[in-house]
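Peer 1: Generate coordinates for the sequence data below:
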Amino acid sequence: MTKSLKNAKGQNKKESNCKNMDKMKFTISASPALSKANFELLLSERVIQKLKSYSGKIYDINFTCHIEPFIQDAHGVYLTPEENEIHLRHMVKLQEKTGILVSPVFNNIYVPNTYENLKQFVSSFKRLYDMGIRSITVPHLLWMKMGLIQKTFPGLHIKNTVLRRVRNGQDFWNHAEVGFNYVNLDRILVRDQHVLKEIRAAQKKFWNMTGKYVVTSILEGEGCLGICPLWEEHYQHTLTHPDIDKNLQENLDLFRLPQNFSCFLIGAPSINPIISVGLPFFREDIDDICQYFDVVKLAGRRAFQSLCESLKKIEDFFYSHQPVITDTPEAIKTLYENPAKYSEILTKYRKKIKTCRFQCWNCSICSDIAANMI
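Peer 2: Modelled structure (predicted):
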C-alpha cells in the first residue's frame, strides 16, 4: 500500500460527505491476458496485496471462462482450451489467496435455453463447483425457473447478465422472483433516477416479503454511447459470428465485429465521453446516485490493463476528496475551473443528466460542451 493511500485512509471521511459512496462495492474484471502474457502477473505478490487491501470494497472479480455450451463470449474473448484452463486455475488460486469471490461469466443469450442445454451446462459446471467456484453469471431466466442449477449447486451465487436489460421495477422483480441473487441493471439508468428509485422500492419490497436481499449493480466504464443504435446487434454479431477467433488481431483495440460500423470507427477519435454511459463526473452527483444500487460493475474482461485500472478507480472513488473524479473529461473540468463564466451551463448540465434518459434527439448540451459551443 502506498504512503499516499495510507494517508488518504487516515483522513476524516466526513470531509467528503459521501456516505452513499462509502458503502459502495465494486465488481471488477480480470483479463485472460494476465494469464496468457505473463503467468506470474495475475498471482504476483504486488497484485495479491493490492487486492487484499481493497477486499472490503470488492464484491467479486469477473472472468472469462468457456465451458459447454458457452464457448463464445459477448466480448469476443477467444481462448484455446489450454489457455482457458490456465486462466480458470489462476482465478481459483486468486480467490484462495485473497478471499475475494471470483465469478465466471456465461452470458451468451443466443445459446438456446433448452432443458438439454441446461443439463449440459450443469454437467460442465460441476468440475468448477468442485474447484471452489461459488458465483456465476447465467443468461436465461427460463433456466432459473427450471431450478436445476439451484438444486444441483446449493449456495451458488447467481447473477444475471447485462445483456438482459433490466429497465424498471417489474424487470427487477421478475429476475428476483426466479432466483437471481444479483441483478445487473440496464446501463442507461445512470441517467434515469426516477426508474432507479422505482427499482430500489421494488428491491426493498421483495426483501420485506421474502427475507431475501437481491443485490443490484450498474455498469461503469464501458465507453459506449448512451442509447447506442447497435448495442444489441453488436453483441448478437459477436456471440453468433462463426469465425470470431480468426478476427481477433484486427479488433484488439475496438469493440468486436463489425467495428467499422460502430461508434468506435477505425482511425477515428473516441466518442464524446460526456455522452457515453457511466457514472456522473462530480463526486457529489455520484454520491447522490449511489443511494439507488449496491454495486458498481467495472467493465474490462478483455483489456490487459483492466485489473490495475479498476484498482486505481477504487482508490480514486473512496480515498480522494477532489470534487471531480480523476478521469473527468477536460471539457467538464474547464467548466468547473471557470465558475464565473460557466456556472450556469454546468448547473444545467448536472441537473439535466439526472433524468435525461439519453434522449439526445431533443438535447445538445453534452455535444455543445464537448465542442466548446457554450
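Peer 1: how many neighbours does K348 have?
Peer 2: The number of residues packed around K348, counting by other C-beta atoms under 10 Å, is 12. C-beta coordinates here come from the backbone N, C-alpha and C atoms, glycine included.
Peer 1: and if you look at F282?
Peer 2: When neighbours are counted by other C-beta under 10 Å, F282 comes out with 18.
Peer 1: just V214 next, same as before
Peer 2: The number of residues packed near V214 is 21, by other C-beta under 10 Å.
Peer 1: K57 too?
Peer 2: For K57, the neighbour count with other C-beta under 10 Å is 19.
Peer 1: Report the separation between it and R127.
Peer 2: For K57, the distance to R127 equals 31 Å [C-beta to C-beta, to the nearest Å].
Peer 1: May I have stretch 223-237 as CSV, with CA atoms only?
Peer 2: Extracted C-alpha coordinates of stretch 223-237, given in CSV (Å, rounded to 0.1, in the frame of the first residue of the first chain):
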residue,chain,number,x,y,z
GLY,A,223,-17.4,3.8,-23.0
CYS,A,224,-20.3,3.3,-25.4
LEU,A,225,-23.0,5.8,-26.4
GLY,A,226,-25.9,6.0,-24.0
ILE,A,227,-28.6,4.6,-26.3
CYS,A,228,-26.3,3.1,-29.0
PRO,A,229,-28.3,2.1,-32.1
LEU,A,230,-26.1,-1.0,-32.5
TRP,A,231,-25.6,-2.1,-28.9
GLU,A,232,-27.8,-5.3,-29.1
GLU,A,233,-26.7,-6.1,-32.6
HIS,A,234,-23.0,-5.9,-31.8
TYR,A,235,-23.4,-8.5,-29.1
GLN,A,236,-25.5,-10.6,-31.4
HIS,A,237,-22.8,-10.4,-34.1
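Peer 1: Make 25 the starting number, not 1.
Peer 2: Okay, using 25 as the starting number, the last item reads as stretch 247-261.
Peer 1: average pLDDT across that stretch?
Peer 2: Averaged over stretch 247-261, pLDDT sits at 80.
Peer 1: And stretch 256-263, what's buried?
Peer 2: Buried positions in stretch 256-263, judged by neighbour count with 16 or more other C-beta atoms under 10 Å: 258-259, 261-263.
Peer 1: now stretch 156-164
Peer 2: Buried residues in stretch 156-164, defined by neighbour count with 16+ other C-beta under 10 Å: 157, 159-164.
Peer 1: what would these look like in CSV with distance to G171?
Peer 2: Shown next, in CSV, are the buried residues of stretch 156-164 (distance: C-beta to C-beta, whole Å):
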residue, distance to G171
I157, 19
S159, 18
I160, 15
T161, 18
V162, 13
P163, 16
H164, 12
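Peer 1: Of the residues you listed, just say which sits nearest to L254.
Peer 2: Closest approach to L254 among the buried residues of stretch 156-164 (C-beta to C-beta): P163, at 19.8 Å.
Peer 1: I'd say the closest one and L187 touch.
Peer 2: Yes - with contacts counted by C-beta atoms under 8 Å, P163 reaches L187, the gap being 6.6 Å.
Peer 1: joint contacts of the two?
Peer 2: Common contacts of P163 and L187, defined by C-beta atoms under 8 Å, 6 or more residues apart in numbering, comprise 131, 133.
Peer 1: In the stretch 125-274 of the chain, mark out all the helices, start to finish.
Peer 2: 139-155, 165-170, 172-176, 193-202, 217-234, 255-264 (DSSP state H, counting those that start in this stretch).
Peer 1: nearest to L112, of those helices?
Peer 2: Nearest to L112 among those is helix 139-155; the distance by C-beta to C-beta comes to 7.2 Å.
Peer 1: Check which helices and strands the closest one sits against.
Peer 2: Applying 3 or more C-beta pairs under 8 Å, 6 or more residues apart in numbering; DSSP states H and E, one finds that helix 139-155 makes contact with helix 105-122, helix 165-170, helix 172-176.
Peer 1: For the shortest one, buried residues please.
Peer 2: Looking back up the chat, that one is helix 172-176. 173-174.
Peer 1: just the longest one next, same as before
Peer 2: Neighbour-count burial for helix 105-122, with 16+ other C-beta under 10 Å as criterion, is recorded at 107-108, 110-112, 114-116, 118-119, 122.
Peer 1: what number of residues lie near G80?
Peer 2: Per other C-beta under 10 Å, the neighbour tally for G80 reads 9.
Peer 1: cool, and K375?
Peer 2: Applying other C-beta under 10 Å, we find 11 residues neighbouring K375.
Peer 1: Which one of the buried residues of stretch 156-164 is nearest to N132?
Peer 2: P163 (6.3 Å).
Peer 1: list the contacts for the closest one?
Peer 2: Counting by C-beta under 8 Å, 6+ apart, P163 has contacts 130-133, 135, 137, 184-185, 187-188.
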